[in-house]
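Novice: Just the structure for this:
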Amino acid sequence: MKLSSALILAPFVLLASAAPNPNTDGLVIKEKIAAVGAREVSPVDLHARAPVTGTVNADGVRYRRCERTSCEAVGQYNNGQSITINCRVRGETVNGWPWWDRLSNDYYISDAYVTWSGGVPDEC
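Specialist: Presented below is the predicted three-dimensional model:
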């Protein structure tokens, strides 16, 4: 039986056309990366990722291992001291306010004693 060369080569032609092309596939990936990098980021997206600076507004405010006054107090801040807040959580109510700030050192301080600057901390 005699087979034509086109019939014998057909599977290889199909494979070659399905194979990735590093020149064009790399370009597509670069275009996607550029599109993601150029995407407009809303202020909400930025604020969701950025820590907020706070100022302690009383003397001897203790920071703790968790968001309750029954948790161990690890240290304290004084009036006017600057702190970095990563996010905030609901915890024990202090002075009528249930929010606690999670600090950059992974401890908590009652938000009742903190004034924020540069935005509102996100919920953890």
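
Novice: all strands of the protein, in order?
Specialist: 52-56, 61-64, 73-77, 82-94, 97-103, 108-110, 114-117 (DSSP state E).

Novice: how about those strands in CSV, adding distance to Cys124?
Specialist: To be clear about C-beta, it is placed using only N, CA and C from the backbone, and glycine gets the same treatment. Listed next are the strands of the chain as CSV, based on distance: least, CB to CB, whole Å:
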stretch, distance to Cys124
strand 52-56, 13
strand 61-64, 15
strand 73-77, 18
strand 82-94, 4
strand 97-103, 6
strand 108-110, 10
strand 114-117, 15
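
Novice: out of the ones you listed, nearest to Glu123?
Specialist: strand 82-94 (6.0 Å; CB to CB).

Novice: which strands and helices sit next to the closest one?
Specialist: Secondary-structure packing of strand 82-94 (3 or more CB pairs under 8 Å, 6 or more residues apart in numbering; DSSP states H and E): strand 52-56, strand 97-103, strand 108-110, strand 114-117.

Novice: Please list all residues in contact with Asp111.
Specialist: Asp111 is in contact with 88, 97, 99-101, counting by CB atoms under 8 Å, 6 or more residues apart in numbering.

Novice: Determine which stretch of the helices and strands packed on strand 82-94 is the most buried.
Specialist: Mean neighbours per residue, mean count of other CB atoms under 10 Å, is largest over these for strand 108-110, with a mean of 24.

Novice: what's the average pLDDT for that strand?
Specialist: Mean pLDDT, computed over strand 108-110, is 98.

Novice: Then stretch 87-103?
Specialist: Mean predicted lDDT for stretch 87-103 stands at 96.

Novice: Now do the same contact list for Gly80.
Specialist: Here Gly80 is in contact with 55-56 (CB under 8 Å, 6+ apart).

Novice: Val74: neighbouring residues, count only.
Specialist: 12 (other CB atoms under 10 Å).
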